[in-house]
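1. fold the stuff below for me.
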Amino acid sequence: MGDSIRDAYGNALAELGRKNERVVALEADVGGSTKSSVFGGEFPERYFNMGICELGMVNAAAGLAMEGFIPFVNTFAVFMTSRALDPIQSMLAYDSLNVKLAGAYCGLSDSFDGASHQAITDLAVMRAIPGMTVVSVCDAAETKAAVQILAEYQGPVYLRLSRAEAPVIYKDSCNFQLGKGIVCQEGCDVTLIGTGTIVSRCLEAAERLKEQGISAAVIDLHTIKPIDEALILKYAEKTKAIVTVEEHSVFGGLGSAVAEVVVRKYPVPMDFIGIETFAESGAYEELLDKFGLGITKITEVCKQIIHRK
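-> Have a look, this model is predicted:
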């Protein structure tokens with residue numbers, strides 16, 4: 001395992017604060033968890049703990065953005081994309097305000113707090129909002145790169161961050177380009193498209209498939225919106241089969257976004273691996289297996305989709 005995504009985020013935010021005095025951070029009283037407190041410890045005059053009031057926090061961020069600041073808004077993803085949704089849509093997106101929303105503890109990664117704290121609909125909610133950019137990072141290096149790039153990007157962004165320990169995908173640095181997926185592994189029989197920390201399981205599944213004589217390409221589609229249509233279509237044509245894998249509901253997230261490209265422009269057999277029900281409390285890795293994201297499940301779905309070509 002490498003550095004945790006939340007630690008990488010906190011350190012990257014503090015580094016950003018040293019470079020740019022316009023960067024400010026807002027927190028909903030969980031800074032020790034989101035690691036925005038790293039920024040707050042270094043720049044207390046630019047750090048605002050708004051209490052457990054996500055809606056008010058986003059309203060305040062809108063005002064700061066209108067005054068020329070670059071607000072990074074921090075709380076758990078499930079609360080960011082539910083309790084604060086009104087001003088996110090009606091203020092940030094509608095007015096194209098330069099606010100960065102960092103949704104921590106995404107997917108099942110807040111494992112022991114149970115379904116009330118597990119964000120499994122956030123990608124669907126945020127990508128449906130006009131003008132909202134949506135990013136989901138897979139490891140510490142990608143997180144650091146994304147924070148720097150998103151600070152330079154003008155407009156509202158939702159950045160999805162996991163609590164879980166993240167396996168290293170990019171050892172030294174990550175060539176993160178907004179709207180451009182990354183090919184982690186080449187293949188010619190089937191394409192696995194993942195986002196977030198689940199990319200590591202896609203790579204493990206690809207290794208198992210290789211042992212069975214199946215060549216699987218693996219793509220890290222970190223930007224859900226705007227989506228990399230060109231890369232999706234290239235591998236649809238190359239492998240003629242696609243399986244999406246996401247730590248999110250199968251409805252409205254990564255799989256839906258990829259399918260919207262494929263069905264319109266280059267239809268090929270496709271399947272979707274994700275979560276279909278509310279989850280529960282438990283150990284993180286065990287929850288992933290129980291709720292359909294196990295490596296064995298991924299390999300089996302890939303073999304099934306190949307037979308549909």
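
2. strands of the chain, start to end?
-> Along the chain, the segments classed as strands by DSSP state E run 23-27, 47-49, 70-76, 100-104, 133-136, 157-160, 182-185, 190-194, 216-220, 223-225, 242-249, 270-275.

3. now mean pLDDT and distance to residue 285 too, for those strands, in CSV please.
-> The way it works is simple: take the backbone N, C-alpha and C, and place the C-beta from them, glycine included. Shown next, in CSV, are those (pLDDT from 0 to 100; distance: least, C-beta to C-beta, whole Å):
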stretch, mean pLDDT, distance to residue 285
strand 23-27, 98, 29
strand 47-49, 98, 32
strand 70-76, 98, 20
strand 100-104, 98, 19
strand 133-136, 98, 19
strand 157-160, 98, 19
strand 182-185, 98, 21
strand 190-194, 98, 16
strand 216-220, 98, 20
strand 223-225, 98, 24
strand 242-249, 98, 12
strand 270-275, 98, 15
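
4. which one of those lies nearest to residue 55?
-> Residue 55 sits nearest to strand 70-76 of all these, at 10.8 Å, using C-beta to C-beta.

5. contacts for the closest one, please.
-> Strand 70-76 has contacts (C-beta atoms under 8 Å, 6 or more residues apart in numbering) with 13, 20, 22-28, 30-31, 33-34, 36, 39, 54, 57-58, 60-61, 64-65, 80, 84, 98-105, 110, 117, 119, 151.

6. same thing but at 6 Å, please
-> With contact meaning C-beta atoms under 6 Å, 6 or more residues apart in numbering, strand 70-76 is reached by 22-28, 34, 36, 54, 61, 64-65, 98-102, 104-105.

7. sheet partners, orientation included, of that strand?
-> Strand 70-76 pairs in its sheet with strand 23-27 (parallel), strand 100-104 (parallel), by DSSP bridges.

8. who does the one residue sitting closest to the centre of the chain bridge with?
-> By C-alpha atoms, centre = their mean, the mean C-alpha position of the chain lies nearest to residue 136, the distance being 1.7 Å. Here residue 136 sits in beta bridges with residue 160, going by DSSP bridges.

9. pretty sure it sits against residue 195.
-> Yes: contact status for residue 136 versus residue 195: in contact at 4.4 Å, counting by C-beta atoms under 6 Å.

10. which phi and psi does residue 35 have?
-> Note on residue 35: its backbone torsions stand at phi 70, psi 10 [degrees, to the nearest 10].
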